[in-house]
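> Build the 3D model from these lines:
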Amino acid sequence: MILTIGRELASGGRDIGKMLSERLGLRYFDKELLLEAARQSGIAQELFLRADEHYNLFTLALSTDSQRLFQFQSDTIRQLACGGDCLFLGRAADYILRERKDLFTVFLTANMEDRVQRVMQRDGLSERDAITFIEKTDKKRSDYYGFFTGKRWGDSSGYDLCLNTSRFGIEGSAEIIAQSVKMTNNA
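Numbering: from 1, shown residues only. All right, here's what the predicted structure looks like:
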């Protein structure tokens, strides 16, 4: 079973992913995935991390390096998925693994007020800076996803389940996802 979670910044995706990894016995991959891709490809880890954090639509379109990095990352995601049950957080894994029959895809959102509070607490930012950071990060994620997949990031028709974590909370959202995954595995 392969579970992918796409998410808006500060919607609780990392916490929910870790909970689900433990509850469902799934190997968990997030930034660790980039480091694994770097190790396997022989490319400096710093390049993967920098590309992950600082892309924009203009540099994506002009850079063959970013396209090569995406290909290495895609190959790594496919290889890790072949190794058994796992959970991928972000990285367009839902698209990369779209042909798999054992794939369950989730997208998480949250109310802006909750997201701002999480970022303010987590990063020590002012409200204004938290809003700016959230908007920029979501834009980068959307651009990245759209550029490499040709699809619209967060479009509900592209996921098995979409949840508003403000409505259900972190624990509640993890439980809904876990139950949904179990239901589809029993179908």
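> Quick check: closest non-adjacent residue to the residue nearest the centre of the chain.
In the chain, the residue lying closest to the centroid (Cα atoms, centre = their mean) is Gly90, at 1.4 Å. What sits nearest to Gly90 in space, not counting adjacent residues and going by Cβ to Cβ, 6 or more residues apart in numbering, is Gly6, at 6.2 Å. Using the backbone N, CA and C atoms, a C-beta is placed for each residue, glycine as well.
> Next, count neighbours for Ser11.
27 (other Cβ atoms under 10 Å).
> And what about it, helix, strand or coil?
Assigned with DSSP: H, G, I helix; E, B strand; the rest coil, Ser11 falls in the coil class.
> if we can go back for a sec, name all residues that make contact with the residue nearest to Gly90.
13, 90, 94, 105-108, 145, 153-154, 159 (Cβ atoms under 8 Å, 6 or more residues apart in numbering).
> who's it bridged to?
Applying DSSP bridges to Gly6 yields these beta-bridge partners: Phe107.
> separation between it and Asp65?
24 Å (Cβ to Cβ, to the nearest Å).
> low pLDDT regions in this protein?
33-34, 37-38, 41, 43-63, 187 (pLDDT under 70).
> same thing but at 50, please
Scanning the chain for pLDDT under 50 picks out the ranges 53-54.
> I'd like to know how far Tyr145 sits from Ile176.
Tyr145 sits 23 Å away from Ile176 when distances are taken as Cβ to Cβ.
> Comparing those two, which residue is more hemmed in?
A direct count of neighbours by other Cβ under 10 Å for Tyr145 and Ile176 places Tyr145 higher, at 22 against 18.
> ok, that one touching Trp153?
Yes - with contact defined as Cβ atoms under 8 Å, Tyr145 reaches Trp153; the gap is 3.8 Å.
> can you give me how far stretch 111-120 is from the chain middle?
18 Å (Cα atoms, centre = their mean, to the nearest Å).
> How about residues contacting it?
With Cβ under 8 Å, 6+ apart as the criterion, stretch 111-120 contacts 8-12, 125-127, 130-131, 133-134, 164-166.
> try 7 Å
With contacts defined as Cβ atoms under 7 Å, 6 or more residues apart in numbering, stretch 111-120 is touched by 8-11, 125, 127, 130-131, 133-134, 166.
> And the furthest pair within these?
Farthest-apart pair in the contacts of stretch 111-120 is Leu125 and Ser166; separation 19.3 Å (Cβ to Cβ).
> tell me which strands and helices the host helix or strand of Arg68 is in contact with?
According to DSSP states H and E, Arg68 maps onto helix 64-82. Where contact means 3 or more Cβ pairs under 7 Å, 6 or more residues apart in numbering; DSSP states H and E, helix 64-82 is packed against helix 31-41, helix 45-54, helix 93-96.
> Many thanks, have a good one.
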